[in-house]
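1. Okay, predicted coordinates and the sequence, questions at the end:
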Amino acid sequence: MCEVEDDYPGEPLYEAAAAAAAVSATSVAQKCMKCKTNSAVLVIRVGDAFCKSCFKEYFVHKFRAMLGKTRLIFPGEQVLLALSGGPTSSAMLCQVQEGLAREAPKKLRFSPGIVHIDEGAVCGRSLEERQETLSQLERMFQASGFSYHIVFLEEVFKLPNSMLHSVSCSPASHGENYKEAVDGFLQKQRETLVHAEQKPTAVEQLNFTHAEDPVQTKLGQLSIDDVFTDLNSGSTLTEASTREKCKFTLAQTEAVKELFSSIKTLTAKEELLQTLRHHLLLYTARINGYTKIMMGDSCTRLAVKLLTNISLGRGASLAIDTGFSDNRYGDVIIVRPMREYSSKEIAFYNKLFDVPNVFTPALDTKASDKASIHRLTESFVNKLQADFPSTVSTVYRTSEKLNTACSDLCGAEQPDKCLLCLCAMNNKIEEASAFHATLISEKLSLKQVPDQVPEVTEQPCCGGGDGEENNGKCCDMQSETACFSTDCGNRTTNLLALLCYSCRLTIKDMVSLDLLPQYVLSEAERRKRRAQVKEQIEEFLLAPEKETDVASS
């Protein structure tokens, strides 16, 4: 008689076992799918088996093909590599090094620099732990031969007020197409070679493509150990910058800790940390003359990011958050050349070719899967990828089809941008939308009529006493008559009006807005004043369509 648990052909259990046995049998004796001669050392996907040499060629070709087909990075352009020390960014650094080598068949022709942002203050790391990690990263950066900049998260409290000002939607034009730029660069390189033969002592550059300023080189060789020694001795902490020595104090470290401890959820902390990180990258690129920033976002990371951003209400900015290029900042463009690589491919490459990387604890290290939306989405995608290997590629290919309608509108009137993430905001809110319903609910919760705004009086907090606050909190927030003065209630409302939906959720999780960096608060006040002035002179301004008619006539 047949047993209940017997497996027969055609049954799911039988087919799964047979497929597993077939994979294990073929993975051992399988030949490389490219050269057909060497034995395969790894299987990326089902049927994609590579030997070591062919896998390296495949990995390198994918990186250079991604840069070649987009043609966004022109020869001789300054490009800043954002490195965290992790597997993906370390692999990206290795690809840039190989692409700039003399023997490279299609070598890269841009001038690279490295930037690392130390986020140890947020993660609660001690100065000794941060010093040890930065020393390891510094050795890796020095081995690359590129100039590098180590920036600390504490430096957000000394960014200039002009940091968030709007810039033209495209960087300075090269005035020529990509092919003409390449020909011009090669001609200039040949002239440099002729001049170098006449004066041999001047030949101190790598491939004559990324010569470094002697001052920059000396500053880049400053040791991180000396930096932390200065802090431990009571002075400020400095880092090697090509323009100036950036410093931070212990008071700024405490300010960073207080800022993130005031945020209730881990999701909001990660979103704010990412925003501040991008501001520091943008500022470093601007003061050092870089026009492009390379980010080490892999295909797996972008698939998780796409689903996470949808959950956070960032659907309108998916195209620039997950695409190859991000031009929201105008003068500086973020590119993601590692977006074609899965985390599995990167792990294999680093293992086979001994690519060094440094582990740096993040804000969500050792956090549970349900600690934040980011962690939950990452866990969901990874578990689904284990059972269905095409999950990441399917989500990733979806992101390639996304585009924003206002991304290419350079000549037209620029839309308002979010105060924090600098993404274009959609000010045309439909009445039947969930966002409009949320705004009405907020007004009702503040005991305001949705169609009417209470008259604002210039009076101190809560309109009584000497106007002082009790330990930074409104003196009557727990009573039924909440404070709606200019200094308390309307400050949050005015700031939220300058933010996109996702950034509003982040700010709402904060206890106090006073803990934000000063450049954010200054820009919010500047935008508020400009809006008030525009409202006062609105009747004297021409409509955009009338301006076009006048110009044409």
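-> Good, I have the coordinates.
2. isn't Asp118 right next to Val151, touching?
-> Yes. Judged on Cβ atoms under 8 Å, Asp118 makes contact with Val151 at a distance of 7.1 Å. C-beta coordinates here come from the backbone N, C-alpha and C atoms, glycine included.
3. These two: which is more packed in?
-> Asp118 (23 against 20; other Cβ atoms under 10 Å).
4. Number of residues surrounding the nearest residue to that one once chain neighbours are set aside?
-> Leaving aside its chain neighbours, Asp118 sits nearest to Phe152 (4.8 Å; criterion: Cβ to Cβ, 6 or more residues apart in numbering). Look at Phe152: counted by other Cβ under 10 Å, it has 25 neighbours.
5. So what sits opposite Pro112 in the bridge?
-> For Pro112, the beta-bridge partners are Val79 (DSSP bridges).
6. Identify the residues contacting stretch 46-65?
-> 23, 27, 30-35, 38-44, 92, 95, 98-99, 106, 108, 337-338, 340-341, 345, 348-349, 352-353, 389 (Cβ atoms under 8 Å, 6 or more residues apart in numbering).
7. Just the buried ones from those?
-> 30, 32-34, 40-44, 92, 95, 98-99, 108, 337-338, 340-341, 345, 348-349 (16 or more other Cβ atoms under 10 Å).
8. Take the residues you listed and keep only those in strands.
-> 42-44 (DSSP state E).
9. Kindly indicate which of those residues lies nearest Ala437.
-> Distances from Ala437 to these, taken as Cβ to Cβ, are shortest for Ile44 (46.4 Å).
10. Contact partners for Glu119?
-> Counting by Cβ under 8 Å, 6+ apart, the residues that Glu119 touches are 153, 273, 277, 360, 362-363.
11. let's see 7 Å
-> 153, 273 (Cβ atoms under 7 Å, 6 or more residues apart in numbering).
12. Quick check: it vs Thr253, distance?
-> 12 Å (Cβ to Cβ, to the nearest Å).
13. Please export the C-alpha coordinates of stretch 315-334 as PDB.
-> The C-alpha trace of stretch 315-334 is given here as PDB (Å, rounded to 0.1, in the frame of the first residue of the first chain):
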ATOM      1  CA  GLY A 315       6.400  58.100  -4.400                       C
ATOM      2  CA  ALA A 316       6.700  61.400  -6.200                       C
ATOM      3  CA  SER A 317      10.500  61.300  -5.900                       C
ATOM      4  CA  LEU A 318      11.200  57.600  -6.600                       C
ATOM      5  CA  ALA A 319      12.800  58.400 -10.000                       C
ATOM      6  CA  ILE A 320      15.600  60.500  -8.500                       C
ATOM      7  CA  ASP A 321      15.900  58.500  -5.300                       C
ATOM      8  CA  THR A 322      16.500  55.200  -7.100                       C
ATOM      9  CA  GLY A 323      17.600  56.300 -10.700                       C
ATOM     10  CA  PHE A 324      21.200  56.400 -12.000                       C
ATOM     11  CA  SER A 325      21.400  60.200 -11.700                       C
ATOM     12  CA  ASP A 326      19.900  62.500  -9.200                       C
ATOM     13  CA  ASN A 327      19.900  66.200 -10.300                       C
ATOM     14  CA  ARG A 328      17.800  67.700  -7.500                       C
ATOM     15  CA  TYR A 329      20.700  69.800  -6.200                       C
ATOM     16  CA  GLY A 330      21.300  71.500  -9.600                       C
ATOM     17  CA  ASP A 331      25.000  72.200  -9.600                       C
ATOM     18  CA  VAL A 332      26.000  68.800  -8.200                       C
ATOM     19  CA  ILE A 333      24.700  65.500  -9.600                       C
ATOM     20  CA  ILE A 334      24.600  62.200  -7.700                       C
END
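14. List the buried residues for it?
-> Buried residues in stretch 315-334 (16+ other Cβ under 10 Å): 316-324, 326-330, 332-334.
15. Now do the closest residue to Pro517 other than its chain neighbours against Ala424, distance only.
-> Spatial nearest neighbour of Pro517, chain neighbours left out: Val156 (4.8 Å); criterion: Cβ to Cβ, 6+ apart. To Ala424, Val156 is 23 Å away according to Cβ to Cβ.
16. just for the stretch 151-300 of the chain, where's the confidence low?
-> Applying pLDDT under 70 to the stretch 151-300 of the chain flags the ranges 168-176, 178-179, 182-183, 185-187, 189-247.
17. one more time with 90, if that's ok
-> 161-162, 165-249 (pLDDT under 90).
18. quick one: the strands in it?
-> 237-239, 246-248, 292-294 (DSSP state E, counting those that start in this stretch).
19. related to what we said a few turns ago, next step: the buried residues of stretch 315-334 restricted to helices.
-> Those of these mapping onto helices are 318-322, per DSSP state H.
20. Please identify which of those residues is nearest to Lys417.
-> Ile320 (11.7 Å).
21. quick one: least confident helix or strand in this protein?
-> When the helices and strands of the chain are compared on mean pLDDT, DSSP states H and E, strand 237-239 comes out lowest with a mean of 40.
22. If we go by neighbour counts, what in the helix or strand harbouring Ala531 is buried?
-> Using DSSP states H and E, Ala531 sits in helix 518-536. Going by neighbour count (16+ other Cβ under 10 Å), the buried part of helix 518-536 is 519-521, 523-524, 527.
23. Could you dump these into JSON lines with pLDDT added?
-> Formatted as JSON lines, the buried residues of helix 518-536 follow (pLDDT from 0 to 100):
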{"residue": "Tyr519", "pLDDT": "95"}
{"residue": "Val520", "pLDDT": "94"}
{"residue": "Leu521", "pLDDT": "93"}
{"residue": "Glu523", "pLDDT": "93"}
{"residue": "Ala524", "pLDDT": "92"}
{"residue": "Arg527", "pLDDT": "91"}
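24. Can you show me the helices along the stretch 451-553 of the chain?
-> 489-496, 501-508, 518-536, 544-552 (DSSP state H, counting those that start in this stretch).
25. is it possible to export those to TSV including distance to Leu137?
-> Output for these, formatted as TSV (distance: least, Cβ to Cβ, whole Å):
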stretch	distance to Leu137
helix 489-496	36
helix 501-508	29
helix 518-536	27
helix 544-552	50
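26. closest one to Asn309 among those?
-> helix 501-508 (7.5 Å).
27. tell me the average confidence for the closest one?
-> Helix 501-508 carries an average pLDDT of 92.
28. helices or strands up against it?
-> With contacts defined as 3 or more Cβ pairs under 7 Å, 6 or more residues apart in numbering; DSSP states H and E, the packing partners of helix 501-508 are helix 266-287, helix 489-496.
29. Give me the contact list for it.
-> Counting by Cβ under 7 Å, 6+ apart, 268, 271-272, 312-314, 418, 420-421, 435, 495-496, 499 sit against helix 501-508.
30. One more: stretch 367-374?
-> 265-267, 270, 308, 311-312, 364, 375-376, 379.
31. Report how many residues lie close to Glu539.
-> Neighbour tally, Glu539, other Cβ under 10 Å: 6.
32. How about the contacts made by it?
-> Counting by Cβ under 7 Å, 6+ apart, Glu539 has no contacts.
33. again, but for Cys423
-> 317, 320, 328, 417, 500.
34. Using JSON lines, lay out the contacts of helix 501-508 together with neighbour count and distance to Ala143.
-> As requested, the contacts of helix 501-508 are exported to JSON lines (neighbours: other Cβ atoms under 10 Å; distance: Cβ to Cβ, whole Å):
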{"residue": "Ala268", "neighbour count": "21", "distance to Ala143": "38"}
{"residue": "Glu271", "neighbour count": "27", "distance to Ala143": "34"}
{"residue": "Leu272", "neighbour count": "22", "distance to Ala143": "33"}
{"residue": "Leu312", "neighbour count": "20", "distance to Ala143": "38"}
{"residue": "Gly313", "neighbour count": "17", "distance to Ala143": "42"}
{"residue": "Arg314", "neighbour count": "21", "distance to Ala143": "37"}
{"residue": "Cys418", "neighbour count": "20", "distance to Ala143": "39"}
{"residue": "Leu420", "neighbour count": "27", "distance to Ala143": "36"}
{"residue": "Cys421", "neighbour count": "22", "distance to Ala143": "35"}
{"residue": "Phe435", "neighbour count": "13", "distance to Ala143": "50"}
{"residue": "Leu495", "neighbour count": "22", "distance to Ala143": "45"}
{"residue": "Leu496", "neighbour count": "17", "distance to Ala143": "47"}
{"residue": "Leu499", "neighbour count": "19", "distance to Ala143": "42"}
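35. Much appreciated, bye for now.
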